[in-house]
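Chemist: Generate a structure from the sequence data that follows.
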Amino acid sequence: MQPNVHDTYRSTAIQTADRGKLVVMVYDYCIQWCEKALEANGKIESRAHAIGKAQAGITELTCALDFDAGGEIAKNLWRLYDFMGWALTESVMNRSDKGIRDVLRMLTDLRSAWHIAAEEVRKTQPELVAGQKKSFALVG
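Modeler: The predicted structure is shown next:
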């Protein structure tokens, strides 16, 4: 069986990305699945599947937090990620779009901030980016 070109491209992109880019990629993943949950149009199974994927991404972001180096920012992100997981679960249970829309807005804002921060570090401190250990294990 031939490998899917999209899967090969995604795998290469992940393997060659620095940590900042990986964080942004996980945000993109979560945003994509929140959008799919909203597009499910009342199809409970599709919606729950999409929300589960978004929650997996949020779990990955949570596990990547470094409380020693991140201090108060890491604690605040943990609280936000915890809230996002709760809001998405409530959306499944209540069959409501509100929680998904709230989480989507937060993810979009955070993704933008991470993108800017990662670009700034790449430009001003390239030595921090070179040879970084990668710890994300998110799978499609």
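Chemist: use CA for all of it now, contacts and neighbours both
Modeler: Will do.
Chemist: What distance do you get for the residue nearest to D66 when sequence neighbours are not counted to E45?
Modeler: With sequence-adjacent residues excluded and distances taken as C-alpha to C-alpha, 6 or more residues apart in numbering, D66 is closest to A74, at 6.5 Å. Remark: distance between A74 and E45 (C-alpha to C-alpha, to the nearest Å) = 33 Å.
Chemist: Then D82?
Modeler: 23 Å.
Chemist: Any regions of this protein where pLDDT drops low?
Modeler: Along the chain, segments meeting pLDDT under 70 span 1-17, 127-140.
Chemist: again, only this time at 80
Modeler: Applying pLDDT under 80 to the chain flags residues 1-18, 42, 122, 125-140.
Chemist: Same drill for D82 and E45, tell me which one is more crowded.
Modeler: Taking neighbours as other C-alpha atoms under 10 Å, D82 and E45 compare with D82 leading, 15 against 12.
Chemist: Show me the contact partners of the helix or strand hosting A50.
Modeler: In this assignment (DSSP states H and E), A50 forms part of helix 44-63. Helix 44-63 is touched from outside by 23, 26-27, 29-34, 36-38, 40-41, 77-78, 81, 84-85, 88-89, 92, 95, 136-138, with contacts defined as C-alpha atoms under 8 Å, 6 or more residues apart in numbering.
Chemist: For whichever helix or strand V103 is part of, name the packing helices and strands.
Modeler: Secondary structure assignment for V103, by DSSP H and E: helix 98-124. Secondary structure elements in contact with helix 98-124, counted by 3 or more C-alpha pairs under 8 Å, 6 or more residues apart in numbering; DSSP states H and E, are helix 19-39, helix 67-94, helix 126-129.
Chemist: most packed of those?
Modeler: Of those, the one with the most neighbours on average (mean count of other C-alpha atoms under 10 Å) is helix 19-39, at a mean of 21.
Chemist: hang on, the earlier thing: quick one: contacts for the residue nearest to D66?
Modeler: By C-alpha under 8 Å, 6+ apart, the neighbours of A74 are 65-67.
Chemist: No more questions from me, cheers.
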